[in-house]
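Asker: Requesting a structural model of the entry that follows:
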Amino acid sequence: MRVGILGGGQLGRMLALEGIPLGHRFSFLEPAPDPPAGALGQVIAQPYDDPGGLGRLAAASDAVSFEFENVPAASARWLAARVPVHPRPKALEVAQDRLAEKTMFRELGIGTPAFHPIDGPADLEPALAATGLPAVIKTRRFGYDGKGQEVARTEAAAAAAVERLGSGLIAEAFVDFDRELSVLAAAGSDGDRVFYPLTENRHQDGILRVSHAPAPGLTGPIQAAGEEIATRILDCLGYLGVLAVELFQCGNALLANEIAPRVHNSGHWTLDGADASQFENHIRAVTAFPLAVPRVPGPAAMINLIGAAPDPATLASIPGARLHLYGKAPRPGRKLGHVNVTGADREAVMRGVEAVTALAGKCE
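Answerer: Numbering: from 1, shown residues only. Now for the predicted structure:
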């Protein structure tokens, strides 16, 4: 089958790497020069909203998906009128607006931090009345990896954040969580759903650094709660493909933070830690293949390589480590690749994580 992808970055690259063995061919609509996915299929070098580029992608595809949620929802809708697009454009529209996202959580009975929109300075007082202090002031659209958001601990700091960030904001209550988790779910065309073990995610400066799967100390009730949250969202959106839900764990409760309607950085460990990765299952869903029930034989971890990458030969000497580079030029703050570590037990994985982290830290 011919699969079109809006975006040609590392996620598009990994989708193709997992989809090509299934017999699929790939095309990417990607304006950036020399994208990571470029060696794996046709690249249509046009903006995401270019009518000619969209037409070429539609003509080259039997099914279309997207690799990140900041592609124009209007482009996905245009394509959906001509070729199957999954997940549906509605999922993009919700994920692109934090207010729409949080409102969906509330309507579905999913716990989420208190929130209130801020369209101008006059909205700050009612917003802080709803969220309390500290509060997190965020742009409603286009924030990622910690960008477009500030923690305000006083009313004056909140007012300054609103002035800096502009209009179209949302205030959210600051959550003193125990840890950050994510749940990955895949929904197939035949109605099947599969779930991966909840993953613990550790961030630095707003960027995901390390993921551990299954999350250490994960209990059956917490796994079931995460799956229930994902199921409600899948049902609401009529979803097909892989969905990631970022969560805060507070004691025995989970609060939904945000969704990613795509394969997700916190699921990269599935390339080596499961016998069916998130990328394979996303392509299976989009192309109407049956989903693969993922078997996870033991613990795994993923370490992002930020800004610079250690020597590949040195990384290869670390037991259980598997390097995945994206073909991107080094740049401060840029995700250049990741390393997955697997092992017979958590202690072996942690030794590998510590070794990889030490090497990566010397390069940043």
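Asker: Where do the helices of this protein begin and end?
Answerer: Taking DSSP state H, the helices of the chain run over residues 10-19, 51-59, 73-80, 89-95, 98-107, 124-131, 155-165, 220-237, 270-273, 278-286, 312-316, 346-363.
Asker: Point out the most buried one among those helices.
Answerer: Of those, the one with the most neighbours on average (mean count of other CB atoms under 10 Å) is helix 278-286, at a mean of 28. (C-beta placed from N, C-alpha, C; glycine too.)
Asker: now it, how far from the centre of its chain.
Answerer: Distance of helix 278-286 from its chain centroid, counting by CA atoms, centre = their mean, to the nearest Å, is 14 Å.
Asker: same question, stretch 154-174
Answerer: Chain-centre distance of stretch 154-174: 25 Å, with CA atoms, centre = their mean.
Asker: Kindly check the end-to-end length of it for me.
Answerer: 12 Å (CA to CA, to the nearest Å).
Asker: need the helices of the chain in JSON lines with mean pLDDT and distance to residue 197, can you?
Answerer: As requested, these are exported to JSON lines (pLDDT from 0 to 100; distance: least, CB to CB, whole Å):
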{"stretch": "helix 10-19", "mean pLDDT": "98", "distance to residue 197": "19"}
{"stretch": "helix 51-59", "mean pLDDT": "98", "distance to residue 197": "35"}
{"stretch": "helix 73-80", "mean pLDDT": "98", "distance to residue 197": "30"}
{"stretch": "helix 89-95", "mean pLDDT": "97", "distance to residue 197": "23"}
{"stretch": "helix 98-107", "mean pLDDT": "98", "distance to residue 197": "22"}
{"stretch": "helix 124-131", "mean pLDDT": "97", "distance to residue 197": "32"}
{"stretch": "helix 155-165", "mean pLDDT": "95", "distance to residue 197": "36"}
{"stretch": "helix 220-237", "mean pLDDT": "98", "distance to residue 197": "7"}
{"stretch": "helix 270-273", "mean pLDDT": "98", "distance to residue 197": "9"}
{"stretch": "helix 278-286", "mean pLDDT": "98", "distance to residue 197": "12"}
{"stretch": "helix 312-316", "mean pLDDT": "93", "distance to residue 197": "25"}
{"stretch": "helix 346-363", "mean pLDDT": "93", "distance to residue 197": "13"}
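Asker: residues contacting the closest residue to residue 152 other than its chain neighbours?
Answerer: The spatially closest residue to residue 152, leaving aside those adjacent along the chain, is residue 158, at 3.7 Å (CB to CB, 6 or more residues apart in numbering). Contacts for residue 158 (CB atoms under 8 Å, 6 or more residues apart in numbering) come out as 124, 128, 133, 135, 137, 152, 171.
Asker: would TSV of the helices of the chain with distance to residue 117 be doable?
Answerer: Formatted as TSV, these follow (distance: least, CB to CB, whole Å):
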stretch	distance to residue 117
helix 10-19	30
helix 51-59	32
helix 73-80	19
helix 89-95	15
helix 98-107	5
helix 124-131	7
helix 155-165	12
helix 220-237	21
helix 270-273	36
helix 278-286	32
helix 312-316	45
helix 346-363	39
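Asker: For residue 305, which of the ones you listed is the nearest?
Answerer: helix 346-363 (5.7 Å; CB to CB).
Asker: related to what we said a few turns ago, just the buried ones out of the contacts of residue 158, please.
Answerer: For these, a burial check counting by 16 or more other CB atoms under 10 Å picks out 124, 128, 135, 137, 152, 171.
Asker: of those, closest to residue 264?
Answerer: Using CB to CB, residue 137 is the member of those that lies nearest residue 264, at 24.6 Å.
Asker: in the sheet, who's paired with that closest one?
Answerer: Here residue 137 sits in beta bridges with residue 150, residue 171, as judged by DSSP bridges.
Asker: Distance from stretch 52-70 to the middle of the chain?
Answerer: A distance of 19 Å separates the centroid of the chain from that of stretch 52-70, by CA atoms, centre = their mean.
Asker: gap between the two ends of it?
Answerer: Using CA to CA, one end of stretch 52-70 lies 20 Å from the other.
Asker: And for stretch 141-160?
Answerer: 19 Å.
Asker: likewise stretch 236-243?
Answerer: Stretch 236-243 end-to-end distance (CA to CA) = 12 Å.
Asker: Repeat that for stretch 35-46.
Answerer: 12 Å.
Asker: again with stretch 183-197
Answerer: 7 Å.
Asker: Out of the helices of the chain, which is closest to residue 114?
Answerer: Nearest of the helices of the chain to residue 114, taken as CB to CB: helix 124-131 at 4.9 Å.
Asker: who touches the closest one?
Answerer: With contact meaning CB under 8 Å, 6+ apart, helix 124-131 is reached by 113-118, 135, 155, 158-159, 162, 171-174.
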